[in-house]
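>>> model this:
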Amino acid sequence: MELNKKKIRLLITIGLFIIASVVALVAFKDFIFEPIVHPIAKIAQKIEYGIVTDSFKIDRDEIKSGENLGGIFTRLGVDQKIVGNLNTYTDGIFDIRKLRTGNTYTAMMSNDGSNKLKYFVYTINDTSYVIFDFRDSLHVHTDAKEVVRNLKSVSGVINSSLWATMQESGADPNMAVALANIYQWSIDFYSIQKGDSFKAIYEELSVDGKPISIGEIHSAVFSHNGKEFFAYRFEQGNSTDYFDENGQNLRKEFLKAPLKFSRITSKFSNSRMHPILRIRRPHHGVDYAAPKGTPVHTIGNGTIVKAAYSGGAGRLVMIRHNNGYSTSYMHLAGFGPGIHPGASVSQGQVIGYVGSSGLSTGAHLDFRVYKNNVAMDPLKIESPPALPVNIKYKASFDSVKVQYAKNLKLVK
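Below you'll find the predicted structure:
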């Protein structure tokens, strides 16, 4: 019995030894054969226009007056067979006749001493460019840089004009045009005063970190004559408009004025001294002074009743609108495209150009409004608004309004 116990203990000891040896061998095997991984440093590559440029010699220049692509490619050593057939390669892709003096280009040449042109990139504008790929014959395609949109704000107090205030504040002067377009139905920008103020929250568009233009204005407030005019950009259904704080559409049946950035030289009157005839007689319109050729816009949708030379009124366009309204635009230098009796026009469409035809002492527009054939003061017309925010979108609109309203504090 004692002997059997000794045998059992011996067998257990041997078994434990074998197990320990196997474990040790497995661990040792893993130690020997486990691969050692070292992180590989990433090699930075310089990329322009989607092309890795590290291996190229880069030449940057701009189109000189009188230059053309054929001449530039010849100077860069391009095969004359390709140069002679550029129109074939670019047909339907890019019109090589539209090279603009001052636009830049980038030539990428092999860096092996041969200086063979591999890529040629011409910048069409701030975002678009055309690539000429010479690596295998010639392949041409256009592309565009990524446009980054950043939300910005601009504010100011009017000292002389909205345009000048934008320049003084360092903002893009085109913001003045954008605000005028938003408020054209509710604010007469020919009568803004010193002390009026504004603030707008808008998108700044940039490419390669450089601002190129402004995008959509998301919200704005304009203080004029002691009243604050709010504007919130809101999309409902398939349309996007600007609405006031109560959800009323800023767009109205009629524009406030048929011209942009001009000045009033004569208002509606029942007794005005005529500048040429030197007699007093009614002047049932508003005169806007503006340079000859300034576009004149119809203030509302309608149908052209007359477009012809009409004695002392000179070249005249008369338009019939809804609800018994009609408008006339006098002393024009010429008519806009497609303007003739019977033609339909849309609000804001160019119907003519400022001139001095007829009895006139200088370039200006005589603008008149009639309601049921009775002359009305154009500066006092109350135009009904377009459709307000639909009730089913009201909650969404209120959310947008709250989001921006807290940031629309005016500078006083």
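
>>> Low-confidence stretches in the chain?
Within the chain, the segments meeting pLDDT under 70 span 1-44, 261-262, 267-283, 410-412.

>>> Domain map for it?
47-144, 148-243, 263-380 (automatic domain parsing).

>>> so which of these gets nearest Leu408?
For those, the distance to Leu408 is smallest for domain 148-243, at 4.6 Å, taking CB to CB. Heads up, the C-betas are built off the backbone N, CA and C, glycines and all.

>>> Reformat the domains of the chain as JSON lines; add mean neighbour count.
As requested, these are exported to JSON lines (neighbours: other CB atoms under 10 Å):
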{"stretch": "domain 47-144", "mean neighbour count": "14"}
{"stretch": "domain 148-243", "mean neighbour count": "17"}
{"stretch": "domain 263-380", "mean neighbour count": "17"}
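
>>> Identify the residues contacting the closest residue to Gly358 other than its chain neighbours.
Nearest-residue entry for Gly358: Gly314, 2.7 Å, with adjacent residues in sequence omitted and distances by CB to CB, 6 or more residues apart in numbering. Residues near Gly314 by CB atoms under 8 Å, 6 or more residues apart in numbering: 330-332, 355-360.

>>> List of residues touching stretch 401-412?
153, 155-157, 197-199, 201, 218-221, 223, 228, 230, 232, 245.

>>> among the residues you listed, which are in strands?
153, 155-157, 197-199, 201, 218-221, 223, 228, 230, 232 (DSSP state E).

>>> Out of the residues you listed, which is nearest to Ser383?
Distances from Ser383 to these, taken by CB to CB, are shortest for Phe230, at 18.3 Å.

>>> measure the closest one to Phe132 for me?
50 Å (CB to CB, to the nearest Å).

>>> With Leu76 instead?
Leu76 is 10 Å from Phe132, by CB to CB.

>>> What of Asn85?
13 Å.

>>> what's the answer for Ile192, then?
For Ile192, the distance to Phe132 - CB to CB - is 50 Å.

>>> same deal with Ser223?
53 Å.

>>> Tell me which helix or strand Val369 sits in.
strand 364-371 (DSSP states H and E).

>>> Off-centre distance for the very next helix or strand once past that strand?
Heading C-terminal from strand 364-371, the first helix or strand you meet, by DSSP H and E, is strand 374-376. Chain-centre distance of strand 374-376: 39 Å, with CA atoms, centre = their mean, to the nearest Å.

>>> cool, stretch 201-214 as well?
Relative to its chain's centre, stretch 201-214 lies at 10 Å (CA atoms, centre = their mean).

>>> got a list of contacts for it?
With CB under 8 Å, 6+ apart as the test, stretch 201-214 has contacts from 126-127, 145-154, 172, 174-175, 178, 215-220, 404, 407-408.

>>> Also stretch 118-132?
48-49, 51, 56, 63, 69, 72-73, 76, 93-94, 99, 103-110, 133-135, 138-145, 147, 207, 210, 212-213.

>>> Dump that stretch to PDB, restricted to CA.
Listed next in PDB are the C-alpha coordinates belonging to stretch 118-132 (Å, rounded to 0.1, in the frame of the first residue of the first chain):
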ATOM      1  CA  LYS A 118       3.600  67.200 -66.800                       C
ATOM      2  CA  TYR A 119       0.700  69.300 -65.500                       C
ATOM      3  CA  PHE A 120      -0.500  72.800 -66.300                       C
ATOM      4  CA  VAL A 121      -3.300  74.300 -64.100                       C
ATOM      5  CA  TYR A 122      -5.100  77.500 -65.100                       C
ATOM      6  CA  THR A 123      -7.200  79.200 -62.400                       C
ATOM      7  CA  ILE A 124     -10.600  80.300 -63.900                       C
ATOM      8  CA  ASN A 125     -11.700  82.100 -60.700                       C
ATOM      9  CA  ASP A 126     -11.300  81.800 -56.900                       C
ATOM     10  CA  THR A 127     -12.700  78.300 -56.900                       C
ATOM     11  CA  SER A 128     -12.600  76.800 -60.400                       C
ATOM     12  CA  TYR A 129      -9.600  75.600 -62.400                       C
ATOM     13  CA  VAL A 130      -8.800  73.500 -65.400                       C
ATOM     14  CA  ILE A 131      -6.000  70.900 -65.400                       C
ATOM     15  CA  PHE A 132      -4.000  70.000 -68.500                       C
END
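
>>> And it, how far out from the chain middle?
Using CA atoms, centre = their mean, the offset of stretch 118-132 from its chain centre is 21 Å.

>>> and what of stretch 59-76?
With CA atoms, centre = their mean, you get 30 Å for stretch 59-76.

>>> Endpoints of it, how far apart?
The stretch stretch 59-76 measures 10 Å between its terminal residues, going by CA to CA, to the nearest Å.
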